[in-house]
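> my questions are about this predicted structure, shown below with the sequence.
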Amino acid sequence: MVREFAEAQLRSLGYRVLVAENGPRALELIQKHEEIDLLFTDVVMPGGMSGRDLAEQATKIRPHLKVLYTSGYTENAIVHHGRLDPDVQLLSKPYRRIDLAKRLRGLLDAGNSRRQSRQDNQQ
(Lines give C-alpha, C1' and ligand atoms only; values in the text may rest on other atoms or scores of the structure.)
Protein backbone atom coordinates (compact mmCIF):
# COMPACT_ATOMS: atom_id res chain seq x y z
CA MET A 1 0.00 0.00 0.00
CA VAL A 2 2.79 2.47 0.85
CA ARG A 3 4.65 1.58 -2.35
CA GLU A 4 1.49 2.13 -4.41
CA PHE A 5 0.91 5.50 -2.74
CA ALA A 6 4.47 6.63 -3.51
CA GLU A 7 4.15 5.44 -7.10
CA ALA A 8 0.89 7.36 -7.54
CA GLN A 9 2.43 10.52 -6.09
CA LEU A 10 5.47 10.29 -8.37
CA ARG A 11 3.35 9.66 -11.46
CA SER A 12 1.04 12.56 -10.56
CA LEU A 13 4.14 14.79 -10.52
CA GLY A 14 4.93 13.69 -14.07
CA TYR A 15 7.79 11.28 -13.38
CA ARG A 16 8.29 7.97 -15.15
CA VAL A 17 8.38 5.32 -12.44
CA LEU A 18 9.72 1.80 -12.17
CA VAL A 19 8.56 -0.08 -9.08
CA ALA A 20 10.37 -2.90 -7.31
CA GLU A 21 8.96 -5.03 -4.51
CA ASN A 22 12.38 -5.44 -2.84
CA GLY A 23 16.04 -4.49 -3.05
CA PRO A 24 17.26 -7.29 -5.31
CA ARG A 25 14.50 -6.53 -7.83
CA ALA A 26 15.38 -2.82 -7.69
CA LEU A 27 19.02 -3.66 -8.49
CA GLU A 28 17.87 -5.72 -11.50
CA LEU A 29 15.92 -2.72 -12.78
CA ILE A 30 18.84 -0.36 -12.21
CA GLN A 31 21.17 -2.64 -14.17
CA LYS A 32 18.65 -2.97 -17.00
CA HIS A 33 17.51 0.68 -17.32
CA GLU A 34 20.33 3.16 -17.88
CA GLU A 35 17.83 6.05 -18.01
CA ILE A 36 17.17 5.89 -14.25
CA ASP A 37 18.20 9.21 -12.67
CA LEU A 38 17.01 8.77 -9.10
CA LEU A 39 16.35 6.05 -6.55
CA PHE A 40 13.53 6.77 -4.07
CA THR A 41 13.69 4.18 -1.33
CA ASP A 42 12.43 3.55 2.15
CA VAL A 43 15.14 3.00 4.74
CA VAL A 44 13.39 -0.20 5.86
CA MET A 45 12.32 -2.58 3.11
CA PRO A 46 11.04 -6.15 2.81
CA GLY A 47 13.36 -8.93 1.78
CA GLY A 48 16.31 -8.42 4.11
CA MET A 49 18.03 -5.55 2.27
CA SER A 50 17.89 -2.07 3.78
CA GLY A 51 17.44 1.07 1.74
CA ARG A 52 21.02 2.02 2.64
CA ASP A 53 22.32 -1.32 1.33
CA LEU A 54 20.30 -0.87 -1.84
CA ALA A 55 21.62 2.66 -2.38
CA GLU A 56 25.23 1.59 -1.86
CA GLN A 57 24.94 -1.22 -4.39
CA ALA A 58 22.93 0.90 -6.84
CA THR A 59 25.49 3.72 -6.85
CA LYS A 60 28.23 1.18 -7.59
CA ILE A 61 26.27 0.29 -10.73
CA ARG A 62 25.34 3.92 -11.53
CA PRO A 63 27.77 6.29 -9.75
CA HIS A 64 25.78 9.42 -10.67
CA LEU A 65 22.46 8.02 -9.42
CA LYS A 66 20.71 10.36 -7.00
CA VAL A 67 19.17 8.79 -3.89
CA LEU A 68 16.27 10.06 -1.81
CA TYR A 69 15.42 8.07 1.31
CA THR A 70 12.14 8.14 3.15
CA SER A 71 11.38 6.84 6.62
CA GLY A 72 8.71 7.03 9.26
CA TYR A 73 11.26 6.99 12.04
CA THR A 74 14.91 7.62 12.70
CA GLU A 75 16.98 4.66 11.56
CA ASN A 76 20.61 4.03 12.48
CA ALA A 77 21.31 2.99 8.90
CA ILE A 78 21.45 6.66 7.87
CA VAL A 79 21.21 8.68 11.10
CA HIS A 80 23.89 8.64 13.79
CA HIS A 81 23.70 10.65 17.03
CA GLY A 82 20.80 12.67 15.62
CA ARG A 83 22.63 13.62 12.41
CA LEU A 84 22.28 12.33 8.88
CA ASP A 85 25.25 10.66 7.32
CA PRO A 86 27.01 12.96 4.82
CA ASP A 87 25.31 13.25 1.43
CA VAL A 88 22.13 11.53 2.66
CA GLN A 89 18.85 13.06 1.54
CA LEU A 90 15.92 12.05 3.77
CA LEU A 91 12.25 12.88 3.36
CA SER A 92 10.51 12.03 6.63
CA LYS A 93 7.09 10.41 6.64
CA PRO A 94 4.45 11.49 6.56
CA TYR A 95 5.37 13.89 3.78
CA ARG A 96 3.26 16.18 1.67
CA ARG A 97 3.18 15.97 -2.11
CA ILE A 98 4.73 19.43 -2.39
CA ASP A 99 7.64 18.39 -0.14
CA LEU A 100 8.24 15.31 -2.29
CA ALA A 101 8.13 17.44 -5.44
CA LYS A 102 10.62 19.98 -4.07
CA ARG A 103 13.09 17.36 -2.85
CA LEU A 104 12.99 15.42 -6.12
CA ARG A 105 13.37 18.50 -8.26
CA GLY A 106 16.23 19.79 -6.11
CA LEU A 107 18.14 16.52 -6.35
CA LEU A 108 17.58 16.13 -10.08
CA ASP A 109 18.43 19.75 -10.85
CA ALA A 110 21.61 19.56 -8.77
CA GLY A 111 22.72 16.53 -10.76
CA ASN A 112 21.96 18.23 -14.07
CA SER A 113 23.86 21.40 -13.19
CA ARG A 114 26.94 19.39 -12.12
CA ARG A 115 26.73 17.29 -15.29
CA GLN A 116 26.40 20.43 -17.43
CA SER A 117 29.32 22.05 -15.61
CA ARG A 118 31.53 19.01 -16.34
CA GLN A 119 30.50 19.08 -20.00
CA ASP A 120 31.30 22.81 -20.23
CA ASN A 121 34.73 22.25 -18.69
CA GLN A 122 35.53 19.47 -21.20
CA GLN A 123 34.85 21.77 -24.18
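Received it, and whenever you're ready, just let me know what you need. Numbering: from 1, shown residues only.
> now the phi/psi pair for Gly13, please.
You called it Gly, but residue 13 is Leu. Here is the backbone geometry of Leu13 (degrees, to the nearest 10): phi -90, psi 0.
> Arg25 now?
Taking degrees, to the nearest 10 as the convention, Arg25 sits at phi -70, psi -40.
> quick one: it from Arg105, how far?
In this structure, Arg25 and Arg105 are 26 Å apart, going by CB to CB, to the nearest Å. Glycine gets a C-beta too; all of them are placed from N, C-alpha and C.
> which one's more surrounded, these two?
More neighbours surround Arg25 than the other of Arg25 and Arg105, with 14 against 11 (other CB atoms under 10 Å).
> where along this protein do the helices fall?
Assigned by DSSP state H, the helices in the chain fall at 2-12, 23-32, 51-61, 97-122.
> which non-adjacent residue is nearest Gly72?
In space, and not counting its chain neighbours, Gly72 is closest to Lys93: 4.1 Å by CB to CB, 6 or more residues apart in numbering.
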